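Asker: Quick check, what structure comes out for this input:
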Amino acid sequence: MSSNAQVYAGKWTNWDDGTIKITLSVFSGKILLVAIALFITICGMQSWAVCRLLLHQMYSRGESWQTYGPDELDDEDIHFVLRNYTAFGTLLKVPKLALQRLRSPKRPDSPRRPPVFWMVLILLIALINLAGWPVAALFSALVAGTDSHVLITSPDCGIYLVTEFDDETLREAVGFTSIWRNKTAIADQYVQQCYGAALSSNSLCHSFVQQELKWVATTNVSCPFGGDICLGGELPAFEMDTGLLSSHEMFGLNTAPEERVMYRRKTTCSPLVTAGYSELIPGVLPGEEIALYKYGGVGSEDTTFLLSIYSQKTPAGYYLGYT
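Answerer: Coordinates of the predicted model:
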């Protein structure tokens, strides 16, 4: 993971489970949440108007009071409430009408009043409408999801190549070396704080998909080179083997199952005999000496590896490559 990596904003597929995700920037996410909360609030205000209309029509067409005789006081008050009151006002007014209904004497022409069922129904719908929409507005934040997975992208991914040497490329090379030294320091800090820590609370340890790539160490391994070039007896080598590592689960390369690769790193280390295989020559810089190690040519050169004493004074960090 690059330290300057950016989060991809847009639609993408999380191939952990095949779900489609939409990642927004922080600003766009805030705008979306505010818009959803505002939309729910408006819906809540308008939904009561719809409920009032439906209740009014249903109440007006009911047969209970028409069968048993009209009660003008209750009917007109309930009609008025359903035409004009908010949900909160309805919760305050209808109980008063119910209490007034219980206290007022029945008239001879009205042996029965409109059933209590309607008052309870109106109160229940008003309560649900009043409490439900604010709760929905609060839970609207869940639309952002709790999944912490994002897709990382970087516009600066590539290999640094020097095609010509001048003052500008020299400054770039010095800056590039400084960057690698910083990366080496960060990597060393990561190893010290995160490797072997089962549950580290340090945010640095959560930079990668996997905190640590496990590997198996084997001692007393045969020399990986032929002959007696290894130093230390018959079994002088030390072997490190990662086994097969999935590019998706272990390295976080978000790809479909058919596009994934398995990677294995197996390294065998052993001290080598230097007598007869090394040579010390003067360098081009003042006081510089260069050690040449000749265990087999590389390309057109007959030298396997060379090391300047200047590297001890200006360390450039480690380099990871493949062979």
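Asker: OK, contacts around Ser178?
Answerer: For Ser178, the contact set (C-beta atoms under 8 Å, 6 or more residues apart in numbering) is empty. Just so you know, the C-beta spots here come from the backbone N, C-alpha and C atoms, and that holds for glycine as well.
Asker: List the residues that contact Gln6.
Answerer: Shown in contact with Gln6 (C-beta under 8 Å, 6+ apart): Ile152, Thr153, Ser154, Pro155.
Asker: Bridged to it, which residues?
Answerer: In this entry, Gln6 is beta-bridged to Thr153, by DSSP bridges.
Asker: Please report how far it lies from Thr23.
Answerer: Going from Gln6 to Thr23 by C-beta to C-beta, to the nearest Å gives 11 Å.
Asker: same deal with Ile309?
Answerer: 50 Å.
Asker: remind me which residues of the protein are low pLDDT?
Answerer: Scanning the chain with the threshold set as pLDDT under 70 gives 1-5, 61-76, 101-115, 141, 144-148, 156-170, 197, 199, 312-323.
Asker: 90 - rerun?
Answerer: The chain contains residues with pLDDT under 90 at 1-214, 224-229, 232-235, 252, 274-280, 282-289, 291, 294-323.
Asker: all strands for it, in order.
Answerer: In the chain, the strands defined using DSSP state E lie at 6-7, 10-14, 19-23, 152-153, 216-221, 237-241, 245-246, 262-263, 266-269, 278-282, 289-293, 305-308.
Asker: In stretch 83-98, which residues are buried?
Answerer: Within stretch 83-98, the residues scored as buried using 16 or more other C-beta atoms under 10 Å are Tyr85, Thr86, Ala87, Thr90, Leu91, Lys93, Val94, Leu97.
Asker: on that earlier part again, compare Ile309 and Thr23 (neighbour count), which wins?
Answerer: Thr23 (17 against 14; other C-beta atoms under 10 Å).
Asker: Now do the same contact list for the more buried one.
Answerer: By C-beta under 8 Å, 6+ apart, the neighbours of Thr23 are Val7, Tyr8, Ala9, Gly10, Trp12, Val150, Leu151.
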